[in-house]
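>>> got a predicted structure here, sequence first:
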Amino acid sequence: MRTSFLATGLMAAMAFVSPAWAQELKVPEGFRPLFNGKDLAGWHGWAIHDKGANPYEIAKASPDEVKAKVAKWTEDAKKHWSVEAGDLVNDGNGAYLATEEELGDVEFLIDYKTVAKADSGIYLRATPQVQIWDYTKEGGKWNLGADKGSGGLWNNSKDAPGKDPSALADKPLGEWNSFRIRQVGERTWIHLNGKLVVDGARMENFWDRKLPLLKKGKILLQTHGGEIRWRNIFVRDIPAAEAAEMLRGKAEGFTRLDGSSLEDWAGAAANYEVKDGAIVCKPGKGGTLHTKEKYADFIARVEYKLPPGGNNGLAIRYPGNGDPAYVAMCELQILDDTADMYAKLDPRQYNLSAYGMTAVKRGYLRPLGEWNYAEITVKGSTIVAELNGNRVLDTDLSKVTDYMAKTPHPGKDNKEGFFGFAGHGDAVSFRNVSIKRLP
């Protein structure tokens with residue numbers, strides 16, 4: 001369990017107070033301010049380059065150790081951060097500033113103004129970073145990509161989507177720039193001065209690229225060698241339904257599978273029913289409800305909601321009979337793996353694992369009662385699963401040789417089959433199901 005690294009009692013230490021004339025903020029509808037324009041309430045220092053400062057190391061530290069670290073970093077920040085005329089100002093040196101609040105799926109607004117040869121950035125979920133820099137040749141960093149402008153996810157891998165902004169949108173140095181950043185899971189959309197420069201790209205986890213981003217984390221404002229000013233810092237939590245709509249994106253090429261009836265489905269139809277536009281497994285019933293058409297390579301999109309302890313599965317390349325966990329290419333588990341009854345399962349049994357073959361990255365389910373959004377991409381022998389915008393499974397089943405309970409999966413090499421739901425007696429609900437064939 002991750003521990004928060006908020007440090008109590010630090011607000012008094014953050015004695016960066018602006019003149020009393022500071023005007024009331026004009027907060028956009030639906031947002032809340034992260035900076036009040038007067039002082040650093042809600043923020044503390046964070047010296048990211050110190051030993052033990054990355055969020056995974058912080059999570060392992062004791063509360064007293066965290067408190068001591070944050071106090072030290074905040075003391076350094078006080079030397080380099082101030083509030084002037086309602087602007088949050090850094091002189092280009094010292095500890096970064098971090099929000100006390102840890103944020104998940106959010107829309108984030110912030111303005112900045114910087115100087116020649118400056119280099120800065122914004123950490124999302126305590127992870128670097130949305131790049132800010134001098135985009136001119138005189139800035140001396142065209143060799144690093146500064147000629148492409150600010151707003152890219154600069155710490156993504158070389159040539160990865162989003163690493164470079166899609167357009168040069170910076171205003172001339174000395175003018176204010178405005179970011180609108182939306183993040184759902186790892187998926188990140190960035191507008192700079194009204195231009196979309198990153199369109200739903202995955203933000204890679206700089207700390208461990210094998211893992212998704214943290215489910216929640218702090219926003220950090222970077223210091224990097226030149227004065228930078230910030231203002232109009234606001235945030236809005238993105239609810240689950242809006243998040244799913246953003247992740248679903250464009251529907252070109254997708255076939256919507258009926259959720260108002262079971263006409264598009266075959267198999268164990270008698271064991272499922274339709275309620276409020278969702279396909280629901282009848283309590284105490286089971287079996288596999290599957291498409292009428294077979295698919296080879298495809299992308300499937302589906303929302304699902306779990307009852308407490310709920311158990312079901314996504315049947316991938318299912319032949320039409322038998323247990324999909326073994327005779328299909330695989331069953332991707334659908335499971336309330338927060339339930340106590342499942343606390344000691346094999347890692348290859350948890351939610352969206354390739355059942356019995358490949359373990360999943362856990363911790364990205366929404367709370368019970370909320371809809372989860374999953375996107376499954378099947379190509380050849382590979383399966384990639386994203387849960388609520390987080391890549392939690394990336395496996396090549398042709399390379400699996402170690403099976404849970406030493407039980408083989410004869411269907412894992414299936415080249416095509418049906419897509420469906422593998423019921424196990426619980427009232428798990430599915431809606432907004434669509435599928436796209438891949439060439």
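Good, I have the coordinates.
>>> tell me the mean pLDDT for stretch 325-342?
Confidence over stretch 325-342, taken as the mean pLDDT, stands at 97.
>>> what's the answer for stretch 220-236, then?
95.
>>> pull out the buried residues from it.
Residues 220-224, 226, 228-236 are the ones in stretch 220-236 that count as buried (16 or more other CB atoms under 10 Å). The way it works is simple: take the backbone N, C-alpha and C, and place the C-beta from them, glycine included.
>>> so which residues of this structure form helices?
Remark: helices assigned in the chain by DSSP state H are 55-60, 63-77, 240-248, 324-327.
>>> can you tell me which of those is nearest to Leu211?
Across the helices of the chain, Leu211 has its closest neighbour in helix 55-60 (8.9 Å, CB to CB).
>>> how far does that closest one sit from its chain's centre?
19 Å (CA atoms, centre = their mean, to the nearest Å).
>>> buried ones in that helix?
In helix 55-60, the ones that count as buried by 16+ other CB under 10 Å are Pro55, Ile58.
>>> widest-spaced pair of the buried residues of stretch 220-236?
Of all pairs drawn from the buried residues of stretch 220-236, the widest gap by CB to CB lies between Gly226 and Arg236 and measures 29.7 Å.
>>> which residue is the nearest non-sequential neighbour of the residue positioned nearest the centre of the chain?
Compute the mean C-alpha point of the chain, and by CA atoms, centre = their mean the closest residue is Gly185, 1.4 Å away. For Gly185, the nearest residue in space outside its immediate sequence neighbours is Gly389; the separation is 2.2 Å by CB to CB, 6 or more residues apart in numbering.
>>> name all residues that make contact with that neighbour.
Asp105, Val184, Gly185, Glu186, Arg187, Ala243, Leu247, Tyr373 (CB atoms under 8 Å, 6 or more residues apart in numbering).
>>> and those residues as CSV, adding distance to Asp50 and pLDDT?
Listed next are these as CSV, based on distance: CB to CB, whole Å; pLDDT from 0 to 100:
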residue, distance to Asp50, pLDDT
Asp105, 29, 98
Val184, 31, 98
Gly185, 28, 98
Glu186, 26, 98
Arg187, 30, 98
Ala243, 34, 98
Leu247, 35, 97
Tyr373, 37, 98
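>>> report the contact partners of the residue nearest to the centre of the chain.
With contact set as CB under 8 Å, 6+ apart, Gly185 has these partners: Asp105, Pro212, Leu213, Ala243, Leu247, Tyr364, Glu386, Leu387, Asn388, Gly389, Asn390.
>>> roughly how far does it sit from Arg202?
9 Å (CB to CB, to the nearest Å).
>>> out of the helices of the chain, which one sits most buried?
The highest average neighbour count among the helices of the chain, using mean count of other CB atoms under 10 Å, belongs to helix 324-327 at a mean of 22.
>>> pretty sure Ala315 sits against Ala422.
Yes - using CB atoms under 8 Å, Ala315 is in contact with Ala422, at 4.9 Å.
>>> overlap in contacts of these two?
Common contact partners of Ala315 and Ala422 (CB under 8 Å, 6+ apart): Thr288, Pro324, Glu331.
>>> closest one of the residues you listed to Tyr304?
Proximity of these to Tyr304, judged by CB to CB, is greatest for Glu331, which lies at 13.9 Å.
>>> OK, contacts around the closest one?
When contacts are counted by CB under 8 Å, 6+ apart, Glu331 touches Gly313, Leu314, Ala315, Ile316, Pro324, Ala325, Ala354, Tyr355, Ala422.
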